[in-house]
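Enquirer: have a look; sequence and predicted model below, questions after that.
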Amino acid sequence: MRDGNCIFCKIANGEIPSATVYEDEIFRVILDLGPASRGHALILPKEHFKDLCEADPATMAKILPLAGKIGMAMKEKLGANGFNVVQNNGASAGQTVFHLHVHVIPRYEGGPVMVSWTPGEEEPKELEKIAEMIKKGL
Ligand code: 5GP
Ligand code: ZN
């Protein structure tokens, strides 16, 4: 299924041109227009899923191996030393385009840390309580 108003549907299916790194029947991998680093890529399924909650498990099972492959090519061909795999779900998580996509962001020696957070503190009892709450939703 495609969404006629979705820009990533149009890009993934070739209606809007993009710098394409890889394509098969299920995915198109493009370069991000506003890259966090040189070579920042986005894996787009050709089918429209809003986010991970809607995604088809068979498609998702193929995404991480593909991200690994893209990341290895970045290390080999762009001189990256590592890469981040990032996937945002929902506006509060930073998602701005509501067509599921996975960022593969190459990282270079001496470059800034781009995906980080300040570790908080939590009591073990509270961790148990939170774990139980999540478990109930599985
Ligand atoms: P999100 O914040 O939703 O996880 O990421 C959306 C990403 O898509 C952003 O990094 C943004 O730069 C990129 N982006 C948005 N529109 C376009 C576009 O039309 N073409 C390309 N190549 N990237 C886009
Ligand atoms: Zn879409």
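Expert: Received the coordinates, thanks. All values reported here derive from a predicted model rather than from experimental measurement. Ligands and ions are numbered 1, 2, ... in the order given.

Enquirer: residue boundaries of the helices in the protein?
Expert: Taking DSSP state H, the helices of the chain run over residues 7-12, 57-78, 124-136.

Enquirer: from the chain's centroid, how far away is stretch 51-58?
Expert: Chain-centre distance of stretch 51-58: 13 Å, with CA atoms, centre = their mean, to the nearest Å.

Enquirer: same deal with stretch 130-138?
Expert: 25 Å.

Enquirer: quick one: the spatially most distant residue from the centre of the chain and residue 131, what's the gap?
Expert: Most distant from the centre of the chain: residue 125, at 32.9 Å, with distances by CA atoms, centre = their mean. Separation of residue 125 from residue 131 (CB to CB, to the nearest Å): 11 Å. In this view, the C-beta of every residue, glycine as well, is placed from N, C-alpha and C.

Enquirer: and ligand 1, is stretch 67-84 touching that?
Expert: No. Stretch 67-84 is not in contact with ligand 1 by CB under 6 Å from any ligand atom; minimum separation 12.2 Å.

Enquirer: buried residues in that stretch?
Expert: 67, 70-71, 73-74, 80, 83-84 (16 or more other CB atoms under 10 Å).

Enquirer: contact residues of the chain facing ligand 2?
Expert: Contact residues (CB under 5 Å from the ion) of the chain with ligand 2: 3, 6, 8-9, 48, 99.
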